[in-house]
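Generate coordinates for the sequence data below:
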Amino acid sequence: MYEEELSEIRGVADRLHQDSRARTILIVDKNGQMIAASGVGADLDTTSLSSLVAGNVAATGGIAKLIEEEEFTGQFHEGKDISVHMTIVARRIILVVLFDKNTTHGLVRLRVKKANEALTDIFERLAEKSANDTQRQNIFDHISDEDIDNLFS
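Next comes the predicted model:
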């Protein structure tokens, strides 16, 4: 992860938090590692929540395969006080929105759509940047110890 893109991701999380009037925004990778968050209260165990969200997405991915669906890109869980909206972004990241009665699921979905587009752009650029860095590193893979010895002889 590069600092520039991480800053952009945090900015998207902050904007979504404000625009959707949600309690908390988490951006988590499919391995359960939190990438960014906004509006996190001290009482929220984000490490456990991130892991459980990733597990939930993996489990529903299994359900999708069983019914010959590629993937469920969105999930919604309604609770008495807090609801959870999860969206898969760019097939690799999970956008989690925790919200209460101060907003509506419709507003959350609308704002998530905009955030999803922004995050997809960021993660596509990040993948491209990472691939370019890998290619630069691979330039030296074909140089042998013998080539190095000949260079300094």
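
which residues of this protein score low on pLDDT?
By pLDDT under 70, the low-scoring segments of the chain are 1, 133-144, 147-148, 151, 153.

Specify the helix with the largest residue count in it.
In terms of residue count, the longest helix belonging to the chain (DSSP state H) is helix 105-138.

Please spell out which residues along it are buried.
Judged by neighbour count (16 or more other C-beta atoms under 10 Å), helix 105-138 contains these buried residues: 108, 111, 112, 115, 116, 118, 119, 122, 123, 126. Any C-beta I mention is one placed from the backbone N, CA and C, and that applies to glycine too.

Now these in CSV, please, with extra columns for distance to residue 15.
Output for the buried residues of helix 105-138, formatted as CSV (distance: C-beta to C-beta, whole Å):
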residue, distance to residue 15
108, 13
111, 8
112, 11
115, 7
116, 12
118, 8
119, 11
122, 13
123, 16
126, 18
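
just curious, which of the residues you listed is nearest to residue 50?
residue 119 (16.0 Å; C-beta to C-beta).

you'd agree the closest one is up against residue 87?
No: when contacts are counted by C-beta atoms under 8 Å, residue 119 is not listed as touching residue 87 (9.3 Å).

Noted, bye for now.
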